[in-house]
Structure formats: structure tokens, C-alpha cells
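Colleague: Provided below are the primary sequence and the corresponding predicted coordinates.
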Amino acid sequence: MLPSDYQTIVRSVSGTPELRRVTEIQEWRVERQLGADGVVVSVVVADGSSHSFLLASADATDMGDVLQRQTRA
């Protein structure tokens, strides 16, 4: 089992390999923003800290499409 915080190599959007420090997500949720056109993505990591990110609906849709393509590979 990998530690919850480690380094890995990814292929960047430019196509070159890059070293990235990553933290494994322990829990995640997606919620609609009230009164606006957005989605809040919240993640909890192993140490219990939580981070939330606001995405425009179009960006959330694009992210879903990219995740589907990347996980098929």
C-alpha cells in the first residue's frame, strides 16, 4: 500500500513526463451550488483535512468527460 502522500510521474497536458506530489483522496462528494450555476467538489484526505473547489457547470461536464476518457486507457 502506498503512503497517502507521495510523488508520482504523470504525463502532463503538454505531453511531457512530470514529477508530481500527490495526496490520496479518502472521501469525495459533489454538490450543486445554491442560487448559482456551479458545482462544489469536496475532498477529504487521510489526515482529515478537507478542501472544496467551485467549478462552473461547463467545467464540471468537461472534467467528467476527461475522467471517462482517462480511466478507459
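Modeller: All right, it came through fine. Residues are numbered from 1 along each chain as shown.

Colleague: quick one: the residue lying farthest from the centre of the chain from S12, how far?
Modeller: Most distant from the centre of the chain: G35, at 23.8 Å, with distances by Cα atoms, centre = their mean. Separation of G35 from S12 (Cβ to Cβ, to the nearest Å): 36 Å. (C-beta placed from N, C-alpha, C; glycine too.)

Colleague: E18: neighbour count?
Modeller: By other Cβ atoms under 10 Å, 11 other residues sit near E18.

Colleague: I'd assumed V10 was in contact with it.
Modeller: Yes - using Cβ atoms under 8 Å, E18 is in contact with V10, at 5.8 Å.

Colleague: Tell me which stretches of the protein form strands.
Modeller: Along the chain, counting by DSSP state E, strands occupy 5-11, 17-23, 25-32, 38-45, 50-56.

Colleague: Kindly spell out which helices and strands sit in contact with the second one.
Modeller: Judged by 3 or more Cβ pairs under 8 Å, 6 or more residues apart in numbering; DSSP states H and E, the packing partners of strand 17-23 are strand 5-11.

Colleague: Parallel or antiparallel, list what pairs with the strand it packs on.
Modeller: Strand 5-11 pairs in its sheet with strand 17-23 (antiparallel), by DSSP bridges.

Colleague: Let me know the average pLDDT across the partner strand.
Modeller: Average pLDDT, strand 17-23: 93.

Colleague: And that strand, how far out from the chain middle?
Modeller: A distance of 13 Å separates the C-alpha centroid of strand 17-23 from that of its chain, computed with Cα atoms, centre = their mean, to the nearest Å.

Colleague: That'll do, ta.
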